[in-house]
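Asks: Sharing a model that was predicted from the sequence below.
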Amino acid sequence: MNDGSDSLRVCELFRSIAGETTRAGRPATFIRLAGCNLRCNWCDTQKAWEEGSLLALKDAIEILSSTPDKLVIVTGGEPLLQAGTLELCRKLDISQLDEAVGIILDIKPPSSGQQDEMDFDNIIRLKPGDELKIVVADREDFDWACEVIDMHKPVESVNILFSPASDLLDPKKLAEWILNAGKEIRMQLQLHKIIWPNEPEGFQILDESADCE
Ligand code: SF4
């Protein structure tokens, strides 16, 4: 994986409607970084496992700052595997964007097969306004996720988001479990999958055939 901080390995760069988190529904530009150290059983983003294309950090900033969107979403895979990611966020924070960098921490439950790889200390590192997201595939996941929240207690103003794993859990079931749990959990559906059910979401900015190296 790339370990320079002046470039990034990028899978795709596109404009779309934010499908998740409290930003759901907002127009956004996404940069999906290559590389993931996990292998979730139900991964729907296997393109992030690939090498991607090398893009200079300055070019990435220029592209991200030139779209009409005030929201940029840096996603993966695991964006923090690349040294350039923090630099990208720092630079975007002081560019034309109108809001500070916020963290969306994704915790993988037992159905992913990756729960033992999680660093739960990251939950207490979240700051007010950050978000904690858990995809739930079954009742075991739900109970596990509730226990994780009870044990690691994110600060009160961290948004806790549960979403049903696509094609694995009926959203109605998750809604019922949340209502009965009596916890401050926000349910979310992946809006982009409703808008673009069987096709790539949004509009690509980088031509996939372009050689960025
Ligand atoms: S973390 Fe995301 S990209 Fe990586 S394996 Fe899991 S679902 Fe796929």
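Replies: Looks like it came in fine. Residues are numbered from 1 along each chain as shown.
Asks: Can you pull the residues of this structure lying near the ligand?
Replies: Proximity of the chain to the ligand is assessed by C-beta under 6 Å from any ligand atom, with Cys36, Leu38, Arg39, Cys40, Cys43, Thr45, Ala48, Gly76, Gly77 identified as the residues in range. C-betas here are computed from N, CA, C, even on glycine.
Asks: Quick check, the fourth one in contact with Met118.
Replies: Meaning Cys40. No - Cys40 lies out of contact with Met118 (C-beta atoms under 8 Å); the separation is 11.6 Å.
Asks: Counting neighbours, go ahead and name the busier of these two.
Replies: For the pair Cys40 and Met118, the greater number of neighbours falls to Cys40 (20 against 17), based on other C-beta atoms under 10 Å.
Asks: circling back: find the residues that touch each one of Cys40 and Met118.
Replies: Listed as contacting both Cys40 and Met118 by C-beta atoms under 8 Å, 6 or more residues apart in numbering are Lys108.
Asks: And what about the spatially most distant residue from the centre of the chain, helix, strand or coil?
Replies: In the chain, the greatest distance from the average C-alpha position (C-alpha atoms, centre = their mean) is reached by Asn180, at 27.0 Å. At Asn180 the chain is in helix, as set by DSSP: H, G, I helix; E, B strand; the rest coil.
Asks: Kind regards, and thank you for your time.
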